[in-house]
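Visitor: sharing a model prediction with you, sequence too.
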Amino acid sequence: MIFLYHPSVRSLMYLNELMKLKVKVDLIVVLGNDNHSQIKNLMPDGFWNSYSSYFDIHKNLDFYLDFFSCETVYLPSSNINSDELYDLLSERKQETCIFSGGGIVHERFFSLGKKFIHTHPGELPRFRGSTCFYYSMIEIGHVSATTFYLDVQLDTGPSIHSCSFSVPKIPEQDWKFFDLIFDPWIRSQTLGESLKKMQSNDLVPILPDGEGVLYYIIHPVLKNLAMRKFYEKN
Amino acid sequence: MSYIFVNNEPFLGKINYSHSECGKLDFISHFIEYRKACLERAKLAKFVQEELQTEVENGSDIDILTFLRNFKPSVQDIKVLDKLIQKFNVFQRIYRTYSFDYKKKNKDASCVEIYILLAKHSLDLFESKGTSNYLDLVLKINDLLCSLSFESFTGTEHDLFVELLEHELLVVQRLESCS
């Protein structure tokens, strides 16, 4: 298995799940400059400490590289569609790649004969597109994530597994929790459950039934209305 | 903090909605305050009397103004509307005419009535279907329209716009009170 590491909280959470499940990773490709302090400095220490049960800010990429002790390739560009990544993947025999972000995978990558596993923060096919996490909070009052195999169209590939989650109440001042921690956390938990299914060999990927609704990056007013439902009352 | 989602280059530039600072409870109050001020400005604006004519249809091309003026919430019309929603979300503009496969056929993206009608039908669909992608579009189109000088609106556009802003405000206030 190849892990495509796009520097972010999400990628670190994914690696944490793979570590817990003792998944054999053959190659980790680090896309662009991994600067852990950039992630850490997004919020004060108190914020990260409050949510340490979701994410341990002290475990950086080096921690996981030590754990997996596998081949690591550093590519200068964080672009998921770079020629360097294309060339690298074309030389590798591993079939499965875990995608952890960095844009929309270009069509030519699907001709490499690889399967790209992606976890989308919404129930597919009902919630397709961007920021579905917040649209779910508004429309159904909880959130879901779906792990599926990427294909050339947006959020339409065969589904591996979906999980639903209730949304915790948080203080208003911690509203960035949803973007920074909760969104990547639900994805990582769903990825973990999906990998368990894949390991147990009882997996039959399901093609989406219906087109669902295509969403676009959410307007700030709707985002606020989604989040404020989950603020602790004073 | 005031409401900052204003288009400084309407029909040319785009408003960036990524990673917006919008989490505080008073964000909605600032939004409502801003929209109410726009509504007052719109009500007081003197508008031009000249009405826009729809364009003569050319074969399979779609004249968007004609389509939106005659829009019915049928499966077929909603499909076209969804395509226009996609266009607006990507480019933040809608042209007067598209080919059957939604390639733009002219360079005029400044027809205010098109934006107002697109938002109006979307708001009606939000009210009937409850899917928030339609309300999302209304908020984005009104951000664009509120960035304009209302003096260039026709009488029809003026009346439709005032009605649209009032409806949008009611919906947002209703959702705020539910949360």
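Guide: Looks like it arrived, so ask away. Numbering: from 1, shown residues only, chains lettered A, B, ... in the order given.

Visitor: how about the helices in chain B?
Guide: Applying DSSP state H to chain B gives helices spanning B:27-44, B:64-69, B:75-91, B:112-129, B:132-146, B:155-178.

Visitor: what segments of chain A are strands?
Guide: Remark: strands assigned in chain A by DSSP state E are A:2-5, A:27-31, A:71-75, A:96-99, A:115-120, A:127-129, A:143-149, A:159-165, A:213-215.

Visitor: rewinding a little: which one of the helices of chain B is the most hemmed in?
Guide: Compared across those, helix B:132-146 shows the largest average neighbour count, a mean of 24 (mean count of other Cβ atoms under 10 Å in any protein chain shown). C-beta: built from backbone N, CA, C; applies to glycine.

Visitor: so what's the gap between it and the chain middle?
Guide: Mean C-alpha position of helix B:132-146 versus that of the full chain (Cα atoms, centre = their mean, to the nearest Å) differs by 5 Å.

Visitor: please apply the same query to stretch B:82-95.
Guide: On the basis of Cα atoms, centre = their mean, stretch B:82-95 sits 10 Å off its chain's mean C-alpha point.

Visitor: ok, stretch A:186-196 next?
Guide: Relative to the centre of its chain, stretch A:186-196 is centred 9 Å away, using Cα atoms, centre = their mean.

Visitor: identify the residue spatially nearest to the closest residue to chain B within chain A, adjacent ones excluded.
Guide: For chain A and chain B, the shortest gap (Cβ to the nearest Cβ) falls at A:Trp175, measuring 2.9 Å. Among residues not flanking A:Trp175 along the chain, B:Gly23 sits closest, at 2.9 Å (Cβ to Cβ, 6 or more residues apart in numbering or on different chains).

Visitor: with A:Leu207 instead?
Guide: A:Pro158 (5.4 Å).

Visitor: ok so, going back, what's the neighbour count on the residue nearest to A:Trp175?
Guide: Neighbour count of B:Gly23, defined by other Cβ atoms under 10 Å in any protein chain shown: 20.

Visitor: next, find the distance separating it from A:Ala226.
Guide: Separation of B:Gly23 from A:Ala226 (Cβ to Cβ, to the nearest Å): 10 Å.

Visitor: ok, now B:Gly13?
Guide: To A:Ala226, B:Gly13 is 27 Å away according to Cβ to Cβ.

Visitor: more crowded one of those two?
Guide: Higher neighbour count among B:Gly13 and A:Ala226: A:Ala226, with 25 against 13, using other Cβ under 10 Å.

Visitor: show me which residues of chain B are close to chain A?
Guide: Counting by Cβ under 8 Å from any Cβ of the partner chain, chain B comes close to chain A at B:5, B:17-20, B:22-25, B:27-28, B:31, B:82, B:85-86, B:89, B:130-133, B:135-136, B:139-140, B:143, B:172, B:175-176, B:179.

Visitor: and with 6 Å instead?
Guide: Residues of chain B found near chain A (Cβ under 6 Å from any Cβ of the partner chain) are B:17, B:20, B:22-23, B:25, B:27-28, B:31, B:89, B:131-133, B:136, B:139-140, B:175, B:179.

Visitor: could you find the closest non-adjacent residue to B:Lys14?
Guide: Excluding the flanking residues, the one nearest B:Lys14 by Cβ to Cβ, 6+ apart is B:Gln92, at 4.5 Å.

Visitor: torsion angles phi and psi at that neighbour?
Guide: When read as degrees, to the nearest 10, the backbone of B:Gln92 gives phi 60, psi 30.

Visitor: about what we covered before: the residue of chain A closest to chain B and B:Ala37, how far apart?
Guide: A:Trp175 sits 26 Å away from B:Ala37, going by Cβ to Cβ.

Visitor: how about B:Ser2?
Guide: According to Cβ to Cβ, B:Ser2 stands 10 Å off from B:Ala37.

Visitor: next one: A:Glu232
Guide: Distance, A:Glu232 to B:Ala37, by Cβ to Cβ: 32 Å.

Visitor: got it, and A:Glu17?
Guide: Distance from A:Glu17 to B:Ala37, counting by Cβ to Cβ: 48 Å.

Visitor: restricting to C-alpha, output the longest helix belonging to chain A in CSV.
Guide: For chain A, the helix reaching the highest residue count under DSSP H is reported as helix A:183-199. Extracted in CSV, the C-alpha atoms of helix A:183-199 (Å, rounded to 0.1, in the frame of the first residue of the first chain):
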residue,chain,number,x,y,z
ASP,A,183,-13.8,17.0,9.8
PRO,A,184,-10.5,15.1,9.6
TRP,A,185,-11.4,13.0,12.6
ILE,A,186,-14.6,11.6,11.1
ARG,A,187,-12.7,10.9,7.9
SER,A,188,-9.9,9.1,9.7
GLN,A,189,-12.4,7.0,11.8
THR,A,190,-14.3,6.0,8.6
LEU,A,191,-11.0,5.2,6.8
GLY,A,192,-10.1,3.0,9.8
GLU,A,193,-13.4,1.1,9.7
SER,A,194,-13.1,0.7,5.9
LEU,A,195,-9.6,-0.7,6.1
LYS,A,196,-10.9,-3.2,8.7
LYS,A,197,-13.5,-4.3,6.2
MET,A,198,-10.9,-4.5,3.5
GLN,A,199,-8.6,-6.6,5.8
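
Visitor: before we move on, back to that, just send the strands of chain A back as a markdown table, with mean neighbour count, mean pLDDT and distance to A:Leu195 too.
Guide: Shown next, in a markdown table, are the strands of chain A (neighbours: other Cβ atoms under 10 Å in any protein chain shown; pLDDT from 0 to 100; distance: least, Cβ to Cβ, whole Å):
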| stretch | mean neighbour count | mean pLDDT | distance to A:Leu195 |
| --- | --- | --- | --- |
| strand A:2-5 | 24 | 97 | 11 |
| strand A:27-31 | 21 | 96 | 16 |
| strand A:71-75 | 14 | 96 | 20 |
| strand A:96-99 | 21 | 95 | 9 |
| strand A:115-120 | 22 | 96 | 8 |
| strand A:127-129 | 22 | 93 | 22 |
| strand A:143-149 | 24 | 96 | 8 |
| strand A:159-165 | 19 | 95 | 9 |
| strand A:213-215 | 21 | 93 | 27 |
